[in-house]
Every structure is written in structure tokens, then in C-alpha cells.
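Novice: predicted model and sequence below, questions to follow.
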Amino acid sequence: MAIVGAGITGTAAAYYLSQVGRRVVVLDRADIAGEGSGRTLGGVRQSARDAAELPLAMEAVRLWAGLAGELGRDVGYRQTGNLRLGTTKAEVAHLEEIVATGRSAGLDIELVEGERLRRLAPALSPAVIAASYCASDGYVLDPPLVARSYAQVARGQGATFLTGTGVVGVEMTGGRVSGVVTPDGLIGAPVVVLCTGVGTGALCRELGLQFPMQARRVQIAVLRTDQPRFTAAFGMADAGMSGCPDALEGHFRFASSAHGEIVDPRSMNDLPTLPEVEAQLLDRAGAIFTNLGERSVVRRWSGLIDTTPDHKPVLDALSSPSGLVLAAGFSGHGFCLGPISGRLIADIILDGRPSLSLHAFRWSRFPTS
């Protein structure tokens, strides 16, 4: 089978499939974690999700907790909690809804304010009046390392990785897929999995399928921080900013809103950072945190998010064409879900049905499908 896309979902799927002896070829036009999974903030979050995504996110966190032992290496996962921050009464009401949704799914999450909030996060400014807090959430210090670790183990299990190999189409024979077309020719495969992020729409169009997806820009800046350190991941109640500690000691990553400008998905490899977006990001970070000093940026980058109309992914095996599996449209929530998405793809291929319900993520929910 062919998996297109060597991000965290594709490499995790390759790991699970090769583990049981299936022949797997993974193709990516860039390198392993060269695009979305290499430009992500790296949050591993169950809190503040759509109720339909919560079972997947909670199972994903169970997989994350054992991932270092499973792969035999430290992947930089840190389970230090996540705070969703509110600065107005309306935002606090929204946080109460987040807490209620999480608790109804069995998630250990609470609303914190006052002295408790200040003890948890002394670096927060007085502008923050409350937060949802989920202690089992976390982040990854070096996000590309995760996909590379999956790939390294999958290679040892027999999987083949062809990086720098773009896929320009999916071959069909008699109503089912029969391989992928590369600039160097056809690679035959009875099953093709598209984990191609913002590139999924173009590949679907070649098959006469309309994937209703937009590519949105997100920008990340890494800042040096002063004491007191902020050790948890965070997000704003209005989803306008998020962040987590960086692999570089004493530094913190800040990301702009996942609802940024819509851009051409083909611009992934030529995506400059925008000074005006960074200025807005730093201004907001400075209003929320008291430990940013001169706000000196040591690294910056941009990335694209594959966003669907309902902000939920497609995780499904299509009936037409047969043999095509889609895992795309994660809408900025996909890094956390990578391990479980890869395992569910393997379930679909090996058993014909996933071990968790994917009804909310079916392809047919879109009227254009």
C-alpha cells in the first residue's frame, strides 16, 4: 500500500501497518515532517475540542504517554498541562462550557481562577481572570522528531520511505485505486492513503472529488523568557493565540490564530513570515505574560493549516474509488491526533473498521462528496 505524506499521521500509520508485516511505501514531496508536522506548535491537547473529537484526543494522549517506551526513544513529549485563558466574563462563560464538555466525556478538567490560577501560572498578567485547566494535556519540545522516530522504527520493520518524491495523481483501474503517479512513473498499490494536509484538495480533484478545504496561514515566534518560567501549554479562550515551551531552554513558542488568512495551498514551500502578524502576536503575548522581557524573537516560521468547514478532519475509507483512504482536514488539531489517527488508519485497512467510532469524520458528511 502507498501512504502519501510523511507527517505524524502518515508515519504513525506506516509504523502500525509495517508492525504486522504489511508492505508499505511512504511518499512525500518534502522530507519526513518537512511540512505541516514540522511547522506545528506541537501541542498535545484534549481540552477545548469538539465533543466528537474528544474520544480520539483522549485515546491519543494514552498513546502519547507510552510512545517513548514503544519507539525506544525520547520523543520530547511533556505532560505538564494546558491552560485555556480568559480575559472577559464572556470568555469565562465559554471556558465553563469547555469544562462541562470535557467532564461529560470523562476528562479531568476544571475551571481555575483567583489565587489558584496565580499559583499555577505566576507569569500571567492581571488581564487573565480565569482559565480551564487540564493537567493531562501537554506538548512536544521538538515536533519533527516524533514523525522521524515513527519513520525510523517503521523502516526497521520493512517500510520504504521515498522523500523528495511528489505524487501528482492517483491511478485508478476499474473503479478502484491501483497506485500513485510520481514524476518518475507509477508505483502500484491496492490501497492509497492520503495524509497530505493542504495538498489533499488537488489530489482529490484529479479523482473528480471535491474536498471542501481551505489553507490558512499560522505564524510562530520563539521568544526568550525571564523568570518565572511558564511550564504548561496554553491557548486563549477566543483561539487567537496559543503557545508552549520550546526545546531551547528558557524559550517559549507563540502561535497566531489558526483562523488566519486564506492562502494558496501551493505556497507551503515559499511561505515568508509577515512582520505585521508577528507584531500583533508579540503585542498580545506581552499583554498576557509578564516574563517576556524585551520580547526578543530567536526563531520564526510560518505554516499552513488544512481547514474544513466544520473544523473536523476526514478519517475515512471511501467507497468510490475503492481503496482510497483519507486522513486530512485536521484544522489545526492534528498533531495531537497523529498517533491515534495512524492507528485508526491501520484498523481500517487491516480489519475493515476502526477501533473507535469515526462517524463524525466520514467523507459523506460533505454535500460535495
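Specialist: Yep, that arrived.
Novice: next, the contact list for the closest residue to Pro122 other than its chain neighbours, please.
Specialist: Using CB to CB, 6 or more residues apart in numbering and skipping the chain neighbours, the partner closest in space to Pro122 is Pro228 (4.8 Å). In short, each C-beta sits where N, CA and C put it, glycine included. Pro228 is in contact with Pro122, Ala123, Asn291, counting by CB atoms under 8 Å, 6 or more residues apart in numbering.
Novice: to what extent is the second one buried, counted in neighbours?
Specialist: By that I understand Ala123. When neighbours are counted by other CB atoms under 10 Å, Ala123 registers 18.
Novice: what residue ranges in this structure score low on pLDDT?
Specialist: For the chain, applying pLDDT under 70 flags the ranges 269, 368-369.
Novice: longest helix in it, please.
Specialist: Counting by DSSP state H, the longest helix found in the chain is helix 334-351.
Novice: now that helix - C-alpha only, CSV.
Specialist: Extracted in CSV, the C-alpha atoms of helix 334-351 (Å, rounded to 0.1, in the frame of the first residue of the first chain):
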residue,chain,number,x,y,z
GLY,A,334,-4.0,17.2,14.0
PHE,A,335,-0.6,16.9,15.8
CYS,A,336,-2.1,15.6,19.0
LEU,A,337,-4.3,13.1,17.0
GLY,A,338,-1.4,11.8,14.9
PRO,A,339,-0.7,8.6,16.8
ILE,A,340,-4.4,7.6,17.1
SER,A,341,-5.1,8.7,13.5
GLY,A,342,-2.3,6.4,12.3
ARG,A,343,-3.6,3.5,14.4
LEU,A,344,-7.2,4.0,13.1
ILE,A,345,-6.0,4.1,9.5
ALA,A,346,-4.3,0.8,10.2
ASP,A,347,-7.5,-0.6,11.7
ILE,A,348,-9.5,0.4,8.6
ILE,A,349,-7.0,-1.3,6.3
LEU,A,350,-6.4,-4.4,8.4
ASP,A,351,-9.8,-5.0,9.9
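Novice: circling back to that earlier point, out of the contacts of Pro228, who's nearest Glu115?
Specialist: Nearest to Glu115 among the contacts of Pro228, counting by CB to CB, is Pro122 at 10.8 Å.
Novice: separation between the closest one and Asn291?
Specialist: According to CB to CB, to the nearest Å, Pro122 stands 9 Å off from Asn291.
Novice: any chance of the contacts of Pro228 in CSV, with secondary structure and distance to Gly38 too?
Specialist: Below are the contacts of Pro228 laid out as CSV (DSSP: H, G, I helix; E, B strand; the rest coil; distance: CB to CB, whole Å):
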residue, secondary structure, distance to Gly38
Pro122, coil, 33
Ala123, coil, 28
Asn291, coil, 28
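Novice: from these, which is closest to Gln79?
Specialist: Nearest to Gln79, judged by CB to CB, of the contacts of Pro228 is Ala123 at 19.6 Å.
Novice: ok, that closest one touching Asn291?
Specialist: Yes: at 4.3 Å, Ala123 counts as touching Asn291 under the criterion of CB atoms under 8 Å.
Novice: which residues do those two both contact?
Specialist: Jointly contacting Ala123 and Asn291 under the rule CB under 8 Å, 6+ apart are Thr225, Pro228, Arg229, Phe230.
Novice: of Pro122 and Asn291, who's got more company?
Specialist: Remark: of Pro122 and Asn291, Asn291 carries more neighbours, 17 against 13, as counted by other CB under 10 Å.
Novice: where's Phe252, which helix or strand?
Specialist: Secondary structure assignment for Phe252, by DSSP states H and E: strand 251-256.
Novice: make a markdown table from the contacts of Pro228 and add distance to Ala360 to it.
Specialist: Supplementary listing: the contacts of Pro228 in a markdown table, determined by distance: CB to CB, whole Å:
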| residue | distance to Ala360 |
| --- | --- |
| Pro122 | 39 |
| Ala123 | 37 |
| Asn291 | 39 |
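Novice: any chance of the shared contacts of Ala123 and Asn291 in TSV, with secondary structure and distance to Thr11 too?
Specialist: What follows is the shared contacts of Ala123 and Asn291, written out as TSV (three-state DSSP; distance: CB to CB, whole Å):
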residue	secondary structure	distance to Thr11
Thr225	coil	31
Pro228	coil	36
Arg229	coil	31
Phe230	coil	30
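Novice: now for those residues: which two are most distant?
Specialist: So, these by CB to CB: farthest apart are Thr225 and Pro228, at 8.9 Å.
Novice: now for the two: what residues contact both?
Specialist: Taking CB under 8 Å, 6+ apart as the criterion, Thr225 and Pro228 both touch Ala123, Asn291.
Novice: what is the burial count for Phe335?
Specialist: Count around Phe335 with other CB under 10 Å applied: 25.
Novice: who's in contact with it?
Specialist: By CB under 8 Å, 6+ apart, the contact set of Phe335 is Ile8, Ser37, Thr40, Leu41, Gly42, Gly43, Val44, Val140, Pro143.
Novice: same thing but at 10 Å, please
Specialist: Residues near Phe335 by CB atoms under 10 Å, 6 or more residues apart in numbering: 7-9, 36-37, 40-45, 60, 139-140, 143, 146-147.
Novice: same question, Ala159
Specialist: With contact taken as CB under 10 Å, 6+ apart, Ala159 is in contact with 3, 11, 13-15, 17-19, 22-26, 150-151, 153.
Novice: next one: Phe330
Specialist: 7, 9, 36, 53, 195, 197, 305-308, 311-315, 336-338, 341, 361.
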